[in-house]
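Asker: below: sequence and its predicted model.
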Amino acid sequence: MRLMTQLLRFAALAGVITIIPGYAKAAKYLELGGVPCVTPPPEHCGDANCPGSLVIEQGSATEMKTGRKFFLDYPCDLGRGEKVTFILSLHGAGSYGNWQRHYFPIMDYAQKYRLVIATPNAPTQVWTAADDEYLQNIVNLVNDQVGKKNIKAFWLVGHSQGGMTSNRLVRTDFFKQRVDGWLSLSGGRLGPTPPIPASFFAAVQGNPPGGAGRAAAKGGAAKGPPAGIPGAPQGLPDATFSFIFETGEHELGEKSIPDESPWAAKLGCSARVRKPDVIDTKAGYVYDGTRQDPGSDAWGRLPRPGTAEVFEYPKCKDGRLVADVVRIGKGHTEGLEPHVTEQLVKLMLSAKK
């Protein structure tokens with residue numbers, strides 16, 4: 001009987017030993033926000049004809065304090081204690097989080113470059129200070145689950161009014177002590193920029209700028225920005241961070257971005273230099289299908305391949321980065337192509353905290 005008992009105990013112990021490695025393997029990788037990581041990322045458009053029903057999806061992660069949804073993309077083999085770059089990516093006015101994910105598709109590079117990307121949604125489709133708690137809670141959630149010490153850098157990314165909102169956020173107490181960089185996707189430059197051409201507002205026709213999701217209004221050309229969009233902050237922020245400005249050539253009215261950058265001067269950077277062009281043979285995922293009849297070059301046409309010019313202000317203090325990127329022949333709403341998207345990711349990662 002004693003021998004039988006010992007055998008049973010040994011068998012049970014062997015079973016535990018067998019189970020534990022399997023459990024350890026399953027628990028080896030992090031699952032963030034209760035969102036299982038899958039490849040390709042969830043709610044991902046195909047290479048062409050991304051349906052409108054898909055780009056208005058709200059995401060599978062939930063910010064528990066407000067109950068609002070958002071997207072959370074991260075490497076499927078994210079290890080505990082692994083160092084990552086965290087990005088909060090804001091859509092433009094009139095748009096949606098999933099349209100933003102495909103307009104600037106860094107989710108395609110989360111695995112390769114070890115990125116954690118949160119893409120939220122504004123219920124009114126226009127960001128205001130009323131959304132700040134929601135955004136702060138998302139940042140705290142990622143910090144808590146990844147571990148603040150494991151976040152190498154935290155970047156704000158914003159398209160159009162999402163960029164203007166990023167400009168406002170970096171001036172708030174919560175964000176200015178956390179943000180390491182801001183990538184403005186046609187969302188304003190910290191420095192002089194040619195005025196937006198009138199054809200841009202003609203395509204908007206009274207609707208807020210910033211992406212797909214609203215039916216085009218009929219009527220005459222608008223003479224300026226639509227009503228209801230909060231204005232961009234004036235002057236330079238007090239905080240110190242890296243800054244990249246990306247824009248379509250046609251948004252500049254066929255003029256060039258000035259060499260001058262007050263932000264580069266603030267960071268003690270050297271004179272701007274041109275880097276190799278980025279050439280894409282593949283189009284981006286999305287465009288604004290609601291404003292193509294009539295459309296305008298400044299607002300944006302259909303997605304297509306293209307070339308981007310890259311300018312950098314080198315030797316900034318403390319390893320910071322300041323750069324301008326101009327997509328030739330493009331406007332405000334053509335989704336970014338894969339190579340220029342990856343180049344922007346590389347620029348972000350090249351900056352030091």
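Answerer: Alright, I've got the coordinates.

Asker: could you use CA atoms for every contact and neighbour count after this?
Answerer: OK.

Asker: where does this protein have low pLDDT?
Answerer: For the chain, the stretches flagged by pLDDT under 70 are 1-27, 203-228.

Asker: what about the strands in it?
Answerer: With strands called from DSSP state E, the chain shows them at 61-63, 68-73, 84-90, 115-120, 151-159, 181-185, 242-248, 273-280, 306-313, 322-327.

Asker: with mean neighbour count added, can I get those strands in CSV?
Answerer: Listed next are these as CSV, based on neighbours: other CA atoms under 10 Å:
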stretch, mean neighbour count
strand 61-63, 19
strand 68-73, 23
strand 84-90, 24
strand 115-120, 26
strand 151-159, 23
strand 181-185, 28
strand 242-248, 24
strand 273-280, 14
strand 306-313, 20
strand 322-327, 24
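
Asker: out of the ones you listed, nearest to Gly33?
Answerer: Nearest of the strands of the chain to Gly33, taken as CA to CA: strand 61-63 at 5.9 Å.

Asker: outside of that closest one, which residues touch it?
Answerer: Residues outside strand 61-63 that contact it (CA atoms under 8 Å, 6 or more residues apart in numbering) are Gly33, Gly34, Val35, Arg68, Lys69, Phe70, Phe71, Leu72, Tyr134, Asn137, Ile138.

Asker: same question, stretch 263-283
Answerer: Residues contacting stretch 263-283 (CA under 8 Å, 6+ apart): 190-191, 236, 240, 259, 303-317, 320, 322, 335-340, 343.

Asker: which ones are touching the residue positioned nearest the centre of the chain?
Answerer: Centroid-nearest residue in the chain, with CA atoms, centre = their mean: Ser89, separated by 3.2 Å. Going by CA under 8 Å, 6+ apart, Ser89 touches Gln100, Arg101, Ile117, Ala118, Thr119, Pro120, Leu156, Val157, Gly158.

Asker: tell me the bridge partners for it.
Answerer: In this entry, Ser89 is beta-bridged to Val157, by DSSP bridges.

Asker: repeat for Phe311
Answerer: Arg274, Asp324.

Asker: okay, it and Gly295: tell me how far apart.
Answerer: 29 Å (CA to CA, to the nearest Å).

Asker: likewise for Gln136?
Answerer: Distance from Gln136 to Gly295, by CA to CA: 36 Å.

Asker: which of those two has more neighbours?
Answerer: The neighbour count for Gln136 versus Gly295, taken as other CA atoms under 10 Å, is higher for Gly295 (19 against 12).

Asker: I figured the more buried one hits Arg301, correct?
Answerer: Yes: using CA atoms under 8 Å, Gly295 is in contact with Arg301, at 6.9 Å.

Asker: picking up where we left off before, make JSON lines out of the strands of the chain and add distance to Asp47.
Answerer: Output for these, formatted as JSON lines (distance: least, CA to CA, whole Å):
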{"stretch": "strand 61-63", "distance to Asp47": "25"}
{"stretch": "strand 68-73", "distance to Asp47": "19"}
{"stretch": "strand 84-90", "distance to Asp47": "21"}
{"stretch": "strand 115-120", "distance to Asp47": "21"}
{"stretch": "strand 151-159", "distance to Asp47": "21"}
{"stretch": "strand 181-185", "distance to Asp47": "22"}
{"stretch": "strand 242-248", "distance to Asp47": "21"}
{"stretch": "strand 273-280", "distance to Asp47": "14"}
{"stretch": "strand 306-313", "distance to Asp47": "16"}
{"stretch": "strand 322-327", "distance to Asp47": "20"}
